[in-house]
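[1] dropping the sequence and predicted coords here.
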Amino acid sequence: MALLRFFRNGVILGSAEIEEDVPILEIADQAGIEIPRGCTSGNCGTCLVKLIQGEVPIPDPPPPGLDDYLIEDGYILACICVADAACDIETNPPL
Ligand code: FES
């Protein structure tokens, strides 16, 4: 099974198995890893995290909480993005 690994400031916090159609935020919750959140619908940007390895599909069109320049820099919104392969995620993105 593919794993999501969560990091904070480059230090691994934990990992959890990817589940089909389950957003990254929910998988983090199940693993006991706290990611800040607000709307949980892709609008506010509070759950912004950065992919440090792997790929996660971005919804098309991109949600309001995720600007193009952020996408280019590897950021995703944990509340709506779903991983379909192993990924490493920094939960404290340096913005
Ligand atoms: S919690 Fe608002 S965009 Fe994810």
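    Good, I have the coordinates. This structure is a prediction, so every number in the text was calculated from the model and none was measured.

[2] show the end-to-end separation of stretch 59-76, please.
    10 Å (C-alpha to C-alpha, to the nearest Å).

[3] hey, which helix is longest across the protein?
    helix 24-30 (DSSP state H).

[4] so who does the most centrally placed residue in the chain touch?
    The C-alpha lying nearest the average C-alpha coordinate of the chain belongs to A78 (C-alpha atoms, centre = their mean; 3.5 Å). By C-beta atoms under 8 Å, 6 or more residues apart in numbering, the contact set of A78 is P23, I24, L25, A28, I35, R37, C47, L48, V49, I89. The C-beta positions use only the backbone N, C-alpha and C, and glycine is treated the same way.

[5] ok, R5 next?
    R5 touches I12, G14, S15, A86, C87, D88, I89, counting by C-beta under 8 Å, 6+ apart.

[6] distance of the closest residue to D68 other than its chain neighbours from the ligand?
    Computed as C-beta to C-beta, 6 or more residues apart in numbering, the closest residue to D68 that is not its neighbour in sequence is P62, at 7.1 Å. The gap separating P62 from the ligand is 11 Å, by C-beta to the nearest ligand atom, to the nearest Å.
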